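> here is a sequence together with a model predicted from it:
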Amino acid sequence: MRKKRFLFGLLAAAPLLAGGDPWTEIRDFGRARWEARSGRWDASLSLYRGLAARHPDSIAVRQALVETALRAGRPQDALAAAREWVALDTTTVAGFVALGRAQLAAGETAAARTAFDRALLLDPANIEALNWASSHRERSDPTAARSLLEKFLIGNPEQDDVRARLAEMQQTQGDFPAAEKSWKKVLEQDPDNPEARMALAGLYDARGDTATAVAAYAAYLESNPDDVSVLTRLGQLEYIRGRSASARDSLDRALRLAPDNESALFWRALIDQDTGDWASAVERMERVATVNRDPGVLIRLAGAYARLGRPRDALRVFKRLQKSQPDNPDFTYTLALAHGEVGNARSARRWLARTVALDPARTEAHFQLALAWDKAGQFEKAVPSFRRAVVLNPEHHIALNYLGYSWADRGENLDEALLLVRRAVALDPDNPAYADSLGWAFFRLNRTTEAVAVLAAAAPKADDAVVWRHYGDALERLGDPAAARRAWREACLADPSDRDSRRRLGPGGAPDDVSDLSTPGALLRRAGENFRPLKVLSGIAAVAGRADENTPVRGSALFYFARPDRFRFEVLGPLLAAEMVLVSDGGRTRWSPSGAVGTDPGPWLKLWGEVFSGAVFARFGERGVSVRVENERLVYRGPAGRLLLDARTKTPVEIAVPDGAGGETRLAFSDPREVGGVWLPQSLTVRAPGGVALSFRFSRLAVAESINDDVFRLDP
């Protein structure tokens, strides 16, 4: 095919090479074209010059000479040939366009503008002349370039390509209303034009009209469903708008088409983070990090590893981050903290010291270095860093309190210690820990009355064994041993491992009945507050036992919970098909298949929901409830039933409520672990009237903000 085209070009040129031996001329013309095609520019240009000399009236030779010289980067040769061309024919549009191109290549911009204008003057509808004239002006005089296109379209309104070019120019110049109008006109003439639809969506996107951009991108995707870049951008915009479900759908479509698309993986990982699916977030962000070492990617990846409870992997990523910019104090600082998380105390101190050397004004690095030295048992090395932190930031109340309390506890620099903790209290007057430091400083200065007054207010708020012990010591010095013993009992209850308070009480000094103390109420509040952030929970459970007296249940189950009392269990069969489904919403329950279980699960599910919503704990803080300590567990008994709390973890161990017919519903919890900021049991056992005896062992628990309501639909 190429040979046929080549020969056709030679035969077409033959009439234009009249004179002399025609076959010799055709041969030289063909050789010139062949040499140009082979990149041998000197040989090609030499042949064309010979032909031009022998054929002074041949426009075809000069046209070929101009094009070859421009391709060869010989603007002067092109310029000479173009000038000869327009001299031969002063009405040729192509000749003046060629002249303008040659002049541009030679740096004669003003002359080029004149040549392009002459071409347009000869043929106002010539697209090539218009394109060159407008593109040349766009750089030096964008207003004039735009005017050229607008004038052209007045006489040629059907030229969509030119209107599209005008729209692009208007958009580049920031005239979004005009660009929008132009793109819409293109779509009026060609409703299915994908470039126009895409450009219009990009215009809305560029000017920040996100809702309209989303609609425009969605319209574009109706006819171009496999455009990965648009799917990804749509997902990104939906995520920014807070519409995570729509964002996830778009990004998942993009990833099905292009599983390794970096941008889609990144934004999908952000959705995973928001829903607490840290394992998926890590997997996707790791794939992004293999091709994109942007610090933002590595920081998010390290954070995801930290939330997943994998601090060593987080440290590995932070090392990569620091190596990418060795003198960046932000990165040396985060690396230091990561070393601290895995117990590399010496490395943590080394990198903190490196950070303050790089950035001497970084207050928090000085403070963390001070903490690291204190933790290493070298308080004297910590003091200069503490002092530097409060000099850099006189309102750093944490550092003020830490240094002041440390001195007070050691009995050193007591006057300065009192001054520092007073400053901390003034900055955060509602902080009971700071009030404790102030009271302890008064105590060390033998200002006992002032110490008692401060600690009496701080101890109930702090719910902390050390504060209660300090209060008891101050009361004892003031001459009130009974009140002192009561404070030490509160300390033992707040922290069963507080040996100092137990030693002060002596053998038998901590009675089992603690109903008269305030700490049991504080522990109830803390247990309820633990579950307060829990909105949605999902995971997998190994289930075993009986759903009633006659229905055994065993296997793996998908588990869903939503506040306040919505549940779904799908017990899976050998092929992972749901063999049995239990749904509960607002006390209404449904088993599938219908009638599979005879006992209503509503009562024990309702109690479970009250625990996970935190509502049940308030019942055991009412009057008439007795509280005893049994094996470091607090046992609350009252009209609402019985509750056991672990005094160490402040989490429920067991709860039992009467059913009014002589029986009780009992839930037992064990192995609490932190999931998404909430301490949750990994095992739960249910005992309820009607032969219910079930055990659940959870895995892959994930906390989320929301879930599709269809999960809890009661209708089959």
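That came through fine.
> Arg248 against Gly235, yeah?
Yes: using CB atoms under 8 Å, Arg248 is in contact with Gly235, at 7.4 Å. Backbone N, C-alpha and C define where each C-beta goes, glycine included.
> which of the two has more residues huddled nearby?
Gly235 (28 against 18; other CB atoms under 10 Å).
> those strands in the stretch 551-700 of the chain, which residues are they?
For the stretch 551-700 of the chain, the strands defined by DSSP state E, counting those that start in this stretch cover 551-562, 566-572, 578-585, 588-592, 626-630, 633-638, 641-646, 652-658, 664-675, 678-688, 692-704.
> with respect to Leu315, which of those lies nearest?
strand 664-675 (19.5 Å; CB to CB).
> next, the angle from that closest one to strand 692-704.
30 degrees (axes from the mean of the first three to the mean of the last three CA atoms, to 10 degrees).
> packing partners for strand 664-675?
helix 602-612, strand 652-658, strand 678-688, strand 692-704 (3 or more CB pairs under 8 Å, 6 or more residues apart in numbering; DSSP states H and E).
> put the alpha carbons of that strand into PDB.
Listed next in PDB are the C-alpha coordinates belonging to strand 664-675 (Å, rounded to 0.1, in the frame of the first residue of the first chain):
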ATOM      1  CA  GLU A 664     -33.400 -14.500  84.100                       C
ATOM      2  CA  THR A 665     -31.500 -13.500  80.900                       C
ATOM      3  CA  ARG A 666     -27.800 -13.600  81.300                       C
ATOM      4  CA  LEU A 667     -25.000 -12.300  79.100                       C
ATOM      5  CA  ALA A 668     -21.300 -13.100  79.900                       C
ATOM      6  CA  PHE A 669     -18.500 -11.200  78.200                       C
ATOM      7  CA  SER A 670     -14.700 -12.000  78.000                       C
ATOM      8  CA  ASP A 671     -11.500 -11.000  76.300                       C
ATOM      9  CA  PRO A 672     -12.100  -7.300  75.800                       C
ATOM     10  CA  ARG A 673     -10.000  -5.700  73.000                       C
ATOM     11  CA  GLU A 674     -10.000  -2.200  71.500                       C
ATOM     12  CA  VAL A 675     -11.700  -2.000  68.100                       C
END
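> show me which residues of that strand are buried.
Across strand 664-675, burial judged by 16 or more other CB atoms under 10 Å covers 664-669, 672, 675.
> between it and strand 652-658, how many degrees?
Using the same axes, to 10 degrees: strand 664-675 against strand 652-658 is 160 degrees.
> residues contacting stretch 680-688, please?
534, 537, 545, 599, 601, 603-604, 608, 651-652, 663, 665-674, 692-699, 701 (CB atoms under 8 Å, 6 or more residues apart in numbering).
> show me how far it is from its chain's centre.
34 Å (CA atoms, centre = their mean, to the nearest Å).
> let me have the strands of the stretch 551-700 of the chain in a markdown table, extended by distance to Gly296 and mean pLDDT.
Formatted as a markdown table, these follow (distance: least, CB to CB, whole Å; pLDDT from 0 to 100):
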| stretch | distance to Gly296 | mean pLDDT |
| --- | --- | --- |
| strand 551-562 | 33 | 89 |
| strand 566-572 | 37 | 88 |
| strand 578-585 | 41 | 84 |
| strand 588-592 | 46 | 82 |
| strand 626-630 | 50 | 87 |
| strand 633-638 | 46 | 90 |
| strand 641-646 | 41 | 92 |
| strand 652-658 | 40 | 94 |
| strand 664-675 | 26 | 92 |
| strand 678-688 | 28 | 93 |
| strand 692-704 | 24 | 89 |
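> make CSV out of those and add distance to Ala304.
As requested, the strands of the stretch 551-700 of the chain are arranged in CSV below (distance: least, CB to CB, whole Å):
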stretch, distance to Ala304
strand 551-562, 23
strand 566-572, 27
strand 578-585, 31
strand 588-592, 37
strand 626-630, 41
strand 633-638, 36
strand 641-646, 30
strand 652-658, 30
strand 664-675, 15
strand 678-688, 18
strand 692-704, 13
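> wait, doesn't Arg566 sit right on Gly586?
Yes: using CB under 8 Å, Arg566 is in contact with Gly586, at 7.4 Å.
> so between the two, which is more surrounded?
Higher neighbour count among Arg566 and Gly586: Arg566, with 19 against 13, using other CB under 10 Å.
> what's the closest non-adjacent residue to the residue nearest in space to the middle of the chain?
With distances taken as CA atoms, centre = their mean, Leu270 lies nearest the centre of the chain, 3.6 Å away. Closest residue in space to Leu270, ignoring its immediate chain neighbours: Tyr239 at 6.5 Å, by CB to CB, 6 or more residues apart in numbering.
> who are the packing partners of whichever strand or helix holds that neighbour?
Secondary structure from DSSP states H and E places Tyr239 in helix 228-240. Helices and strands touching helix 228-240, by 3+ CB pairs under 8 Å, 6+ apart, are helix 194-206, helix 210-223, helix 244-257, helix 262-274.
> want to try a markdown table for the ones you listed, with distance to Trp468 as columns?
As requested, the helices and strands packed on helix 228-240 are exported to a markdown table (distance: least, CB to CB, whole Å):
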| stretch | distance to Trp468 |
| --- | --- |
| helix 194-206 | 59 |
| helix 210-223 | 54 |
| helix 244-257 | 45 |
| helix 262-274 | 39 |
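> ranking those helices by mean pLDDT, which is last?
For the helices and strands packed on helix 228-240, mean pLDDT drops lowest on helix 194-206, to a mean of 80.
> dump it to PDB, keeping only the CA atoms.
Only the C-alpha atoms of helix 194-206 are listed here, as PDB (Å, rounded to 0.1, in the frame of the first residue of the first chain):
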ATOM      1  CA  PRO A 194     -18.400  12.800  24.300                       C
ATOM      2  CA  GLU A 195     -15.600  15.400  24.200                       C
ATOM      3  CA  ALA A 196     -18.100  18.200  24.800                       C
ATOM      4  CA  ARG A 197     -19.800  16.300  27.600                       C
ATOM      5  CA  MET A 198     -16.500  15.600  29.200                       C
ATOM      6  CA  ALA A 199     -15.300  19.200  28.800                       C
ATOM      7  CA  LEU A 200     -18.600  20.600  30.200                       C
ATOM      8  CA  ALA A 201     -18.200  18.300  33.300                       C
ATOM      9  CA  GLY A 202     -14.600  19.400  33.700                       C
ATOM     10  CA  LEU A 203     -15.700  23.000  33.500                       C
ATOM     11  CA  TYR A 204     -18.100  22.600  36.300                       C
ATOM     12  CA  ASP A 205     -15.500  20.800  38.200                       C
ATOM     13  CA  ALA A 206     -12.900  23.500  37.700                       C
END
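> now it: buried residues?
Buried-residue list, helix 194-206, by 16+ other CB under 10 Å: 196-205.
> contacts for that helix, please.
With CB under 8 Å, 6+ apart as the criterion, helix 194-206 contacts 164, 167-168, 171, 176, 179-180, 183-184, 186-187, 190, 210, 212-213, 216-217, 219-220, 223-224, 230, 233, 237.
> cool, and stretch 272-283?
Contacts for stretch 272-283 (CB under 8 Å, 6+ apart): 244, 269-270, 284, 300-301, 303-305, 307-308, 310, 313, 675-676, 700, 702-705.
> same thing but 6 Å
269, 304-305, 307-308, 676, 702-704 (CB atoms under 6 Å, 6 or more residues apart in numbering).
> what residues sit buried inside that stretch?
Neighbour-count burial for stretch 272-283 flags 272-278, 280-282 (criterion: 16+ other CB under 10 Å).
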